[in-house]
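Visitor: The sequence and its predicted three-dimensional model are supplied below.
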Amino acid sequence: MKPTLRSITSNPQASFSVRKDVGANVYSNWHHHSDIELLVIRGGRGVQTIGDRTDNLNESSHMTLIGPFLPHTMSYDSRPGEKIVEAIVVHFKQALFGSEWLNLPEMKPLQKLFSNIAYGLNIKGRTLAELEPRMFELYAADYFDRFFILLDILRVIARRKQDCEPIAGKGFVGHFSPQDNKRLDKIYQYTFAHYGESVNLAALAALTGFSREAFCRYFKQQTGKTYIEFLTEVRIGHACRLLMQQEMDVMEISYACGYNYASNFYRQFKQIKGVTPLQYRRAYQNMLQE
C-alpha cells in the first residue's frame, strides 16, 4: 500500500531530526518516509496502524522503531478529559553512523538491529520505562549531545531483544503507485471515523473509485487482509480502549464499536485478543493495582 511520501525537514545544524509534537492530531495521516523513525508517545487513547497490523493505544507510554518506507498512522481521540498527547519523534538515516564505523566488529548489535526494523519494532517493558525519559532528554539536549544520546538509546534497544516485538507481518510488501496514496488514506480515515457505524462497502468503494468487488480485491492485494478483517481489528482496538476507561458496560461497548449483536462482538474479541471482554477488563484493573 502506498501512503503519502513525507519529506523530513532538514536542519543545517544537525544530521538528524528531533521534534516534539503535542495534541491528538500529531500523527493522523497515513504516510511513510525514507528515514528510520524512533518514536515515543505518552498520553492519549486511540488506534495505531503500522504496515498490516492495527493495535489499540491507551494513555500509557508507547515506543516504536520503524524502518524506512514502512507506512504508518495513529488516530487519537480528543475528548474532554483525555490526557494530552506528547510525542518525541526522531528521524535519521542509517548512513548517519557511516558504513566503515557501522561495520566495525563492536557494532554488530547495531547492525543486527538495523536489519530487523524493516517491519517495525514495538519497544516494551523495562526498556520502554528506561528509554521514555531519555527520549525527552534527547529533545532537550544540544546538537552535540543529541548524537551520543541517540546512539545510547539504540544501544539499549539492540541489547534488549526480549523487549522488542515485531509489528508488521513478514508477508507485508508494498508495491506502490501515486494513486494508492490517496485511495488508502481515504480508506483509513473513513474507517477511523465510521468504525462505530454499519459500514457500507459499496459506498466506501465508490469513495475510492471502485466497484464493491474491485474494492475488496484491491484492499486484499495491497494489505494482505480483507477490509472486513481490518475493520474488525479497528473495532476491537477501540473496544479495548473503552474497556480500560471503565465508563461503559460490555453491551454498550459492543454497540459503540459497530456490533449489532453482542455474540459477534464476544466471538471476534476473543478471537483477536485471546480473552473475553470482561477478562480483558479485569486483567487491566489488576495491572493498575500492582
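Guide: Alright, I've got the coordinates. Numbers count the residues shown, from 1 in each chain.

Visitor: Quick check: the gap between the spatially most central residue of the chain and residue 37.
Guide: When the chain is reduced to its mean C-alpha position, the closest residue under CA atoms, centre = their mean turns out to be residue 48, at 3.6 Å. Separation of residue 48 from residue 37 (CB to CB, to the nearest Å): 13 Å. For the C-beta atoms, the positions are set from N, CA and C on the backbone; glycine is no exception.

Visitor: again with residue 251
Guide: Applying CB to CB, the value for residue 251 to residue 37 is 39 Å.

Visitor: So between the two, which is more surrounded?
Guide: Here residue 251 and residue 37 are compared on neighbour count by other CB atoms under 10 Å; more neighbours surround residue 37, at 21 against 12.

Visitor: Burial check on residue 165, number of neighbours?
Guide: Using other CB under 10 Å as the criterion, residue 165 is surrounded by 13 other residues.

Visitor: In three-state terms, label it for me.
Guide: Going by DSSP: H, G, I helix; E, B strand; the rest coil, the secondary structure assigned to residue 165 is strand.

Visitor: Return the set of residues that bridge with it.
Guide: Residue 165 has these beta-bridge partners by DSSP bridges: residue 122.

Visitor: wait, isn't it in contact with residue 119?
Guide: No: applying CB atoms under 8 Å, one finds residue 165 not in contact with residue 119, separated by 10.6 Å.

Visitor: Can you give the domain ranges for this protein?
Guide: For the chain, automatic domain parsing gives the domain ranges 4-166, 178-289.

Visitor: mind saving the C-alpha coords of the host helix or strand of residue 188 as CSV?
Guide: Mapping residue 188 onto the secondary structure by DSSP states H and E places it in helix 178-194. What follows is helix 178-194, C-alpha atoms only, in CSV (Å, rounded to 0.1, in the frame of the first residue of the first chain):
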residue,chain,number,x,y,z
PRO,A,178,0.9,7.6,-6.6
GLN,A,179,-2.9,6.8,-6.9
ASP,A,180,-2.7,4.4,-4.0
ASN,A,181,-1.6,7.2,-1.8
LYS,A,182,-5.0,9.0,-1.9
ARG,A,183,-7.1,5.8,-2.0
LEU,A,184,-5.7,4.1,1.0
ASP,A,185,-5.5,7.3,3.1
LYS,A,186,-9.3,7.8,2.3
ILE,A,187,-10.0,4.2,3.4
TYR,A,188,-8.1,4.5,6.7
GLN,A,189,-9.5,7.9,7.6
TYR,A,190,-13.0,6.8,6.7
THR,A,191,-12.7,3.7,8.8
PHE,A,192,-11.3,5.5,11.8
ALA,A,193,-14.2,8.0,11.6
HIS,A,194,-17.0,5.5,11.0
